[in-house]
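J.: compute the structure for the input listed below.
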Amino acid sequence: MKYLHTYTGKHINPLDLQPDDICIEDIAHALALCNRFAGHSKRPISVAQHSVFVSRLSGSDALQGLFHDASEAYIGDITKWIKASPPFDGYRVLEERIQTRIFQKFGCDTVISDRVKEADKLMLRFEGEQGYGFTKWSLWAAQLPVDYQELVNPEEVAAIGKWIPWNWKIAEGVFLRHFHTLMAR
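T.: Next up is the predicted model:
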């Protein structure tokens, strides 16, 4: 059974994703329309934009950084804290299987590097401050695991560089251009 009709017109089964099902245009488009924080920030922040910034901060693991959340293009996003809960065990297994297939398709290591993990944490903290405002985010972040409680410091802001929320069309285009730049290296 084919459960998903993609942006480029493919009919796929995400429960049994095959290499030919995976398409960079589908990933870029879907992630550009998928919002971080389940859409609850004061301004939309797309997973595509998040992925580009994680990639930029990931050094030699930039391609893996770009694709670290790419499974969400095929099964959607669930907030990190809900996804980690026991009722979502099956979802995490599916997400990992899809993520592995995507990494393999694009020649990435299937184990997420420490650089990508750190860049992802930094962007979560930064986007939280940007998306909710400093005061609301810092109050909420106090309940999070220690790795996420720290507020973004000036050196980290400098490493991130210029950031404003992108609309979905810009996010999709920048994601695709960034992918093609990385593949040309």
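J.: quick one, what contacts the spatially most central residue of the chain?
T.: With distances taken as CA atoms, centre = their mean, the residue of the chain nearest its centroid is D69 (3.6 Å). Neighbouring residues of D69 by CB atoms under 8 Å, 6 or more residues apart in numbering: 31, 47, 50-51, 77. Every C-beta, even on glycine, is put in place using the N, C-alpha and C of the backbone.
J.: hmm, 10 Å instead?
T.: By CB atoms under 10 Å, 6 or more residues apart in numbering, D69 lies in contact with 27, 31, 34, 36, 47-48, 50-51, 54, 77, 95, 99, 102, 120.
J.: kindly report the same for L122.
T.: L122 neighbours (CB under 10 Å, 6+ apart): 53-54, 57, 150, 152-153, 156-157, 159-160.
J.: closest to K10 among the contacts of D69?
T.: Of all these, K10 sits closest to I27, with 11.6 Å by CB to CB.
J.: name the nearest residue to that closest one, ignoring sequence neighbours.
T.: Excluding the flanking residues, the one nearest I27 by CB to CB, 6 or more residues apart in numbering is A73, at 4.3 Å.
J.: helices or strands up against the host helix or strand of that neighbour?
T.: Using DSSP states H and E, A73 sits in helix 72-75. Packing contacts for helix 72-75, counted by 3 or more CB pairs under 10 Å, 6 or more residues apart in numbering; DSSP states H and E, involve strand 4-5, helix 24-33, helix 47-57, helix 89-105.
J.: so which of those is the most packed in?
T.: Mean neighbours per residue, mean count of other CB atoms under 10 Å, is largest over the helices and strands packed on helix 72-75 for helix 47-57, with a mean of 25.
J.: show me what that helix is packed against.
T.: Going by 3+ CB pairs under 10 Å, 6+ apart, helix 47-57 lies up against helix 24-33, helix 62-67, helix 72-75, helix 114-132, helix 154-160, helix 168-184.
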